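Novice: quick one, fold the following:
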Amino acid sequence: MEHLENMFSEIDSVKDKISNFTHISFSVFYHDVIYDASSRINEEKSAEFAKLKLQKLNLNSDCIEKISEQIIATKAHQQSIDRDTNYLLDADLSILGKDLETYIDYTKKIRKEYSIYPDLLYKPGRKNVLKHFLALENIFKTEDFREKYEVRARENIRFEIDRL
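Specialist: Alright, predicted model coming up:
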């Protein structure tokens, strides 16, 4: 719930730059509705779940398809041609750029989520993920989030890598 609350707060802060706030709100709400740390298809399952629920709300099929695409985009976090999707992706990663205390708390929660894996497996895997972010030219897709979080996110990630 904290993650959703943070994402809605982040999206709300750029609401005037989002072309379809309804779509992105549904995408935020449903993007992690199916979450299993050992699964590689959480986003697809979440998108399918969202489709079923949104059809019951009689949302039109174009809207449902757009929301589904946005949810699936949270899997790879690649730059999108769709500006709203980029804001969704940045809101999803915004925790990386929070103050150090908040970031450390987040890393503890991530470790708990992946507690099924021993340190021998978790630490190298986590390091690879973190190094991937550092290798990107920009972690955040939008100028708004880059200005707000890019520098701090990189500092936080380096801090975590040094402690793994």
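Novice: from now on I want contacts and neighbour counts done on CA atoms only, so please keep to that.
Specialist: Noted.
Novice: what residue lies at the spatial centre of this structure?
Specialist: D92 (2.7 Å; CA atoms, centre = their mean).
Novice: wait, that residue touches M7, no?
Specialist: Yes - counting by CA atoms under 8 Å, D92 touches M7, with 6.1 Å between them.
Novice: about what we covered before: spit out the contact partners of the residue nearest to the centre of the chain.
Specialist: 3, 7, 74 (CA atoms under 8 Å, 6 or more residues apart in numbering).
Novice: which of those residues fall within helices?
Specialist: If you go by DSSP state H, the contacts of D92 have 3, 7, 74 in helices.
Novice: quick one, what contacts the first one?
Specialist: With contacts defined as CA under 8 Å, 6+ apart, H3 is in contact with D92.
Novice: ditto for the last one
Specialist: Under the criterion of CA under 8 Å, 6+ apart, the contact partners of T74 comprise 31, 43, 89, 92.
Novice: likewise for the second one?
Specialist: Contacts were defined as CA under 8 Å, 6+ apart; by that measure M7 touches 28, 91-92, 94.
Novice: switch to 6 Å and redo it
Specialist: Going by CA atoms under 6 Å, 6 or more residues apart in numbering, M7 touches A91.
Novice: in the longest helix seen in the chain, what's buried?
Specialist: Secondary structure of the chain per DSSP H: the longest helix is helix 143-163. Buried residues in helix 143-163, counting neighbours by 16 or more other CA atoms under 10 Å, are found at 145-146, 149-150, 152-154, 156-157, 160-161.
Novice: what lies in contact with it?
Specialist: With CA under 6 Å, 6+ apart, helix 143-163 has contacts from 96-97, 140.
Novice: and with 7 Å instead?
Specialist: The contact list for helix 143-163 (CA atoms under 7 Å, 6 or more residues apart in numbering) reads 90, 94, 96-98, 100, 103, 127, 130, 134, 139-140.
Novice: ok so, going back, which one of the buried residues of helix 143-163 sits closest to I110?
Specialist: E160 (12.1 Å; CA to CA).
Novice: what secondary structure does Y117 sit in?
Specialist: coil (DSSP: H, G, I helix; E, B strand; the rest coil).
Novice: what's the neighbour count on it?
Specialist: 14 (other CA atoms under 10 Å).
Novice: please report phi then psi for it.
Specialist: phi -100, psi 130 (degrees, to the nearest 10).
Novice: sorry, back to before: make JSON lines from the contacts of D92 and add distance to A47 and pLDDT to it.
Specialist: Shown next, in JSON lines, are those (distance: CA to CA, whole Å; pLDDT from 0 to 100):
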{"residue": "H3", "distance to A47": "18", "pLDDT": "93"}
{"residue": "M7", "distance to A47": "17", "pLDDT": "97"}
{"residue": "T74", "distance to A47": "10", "pLDDT": "97"}
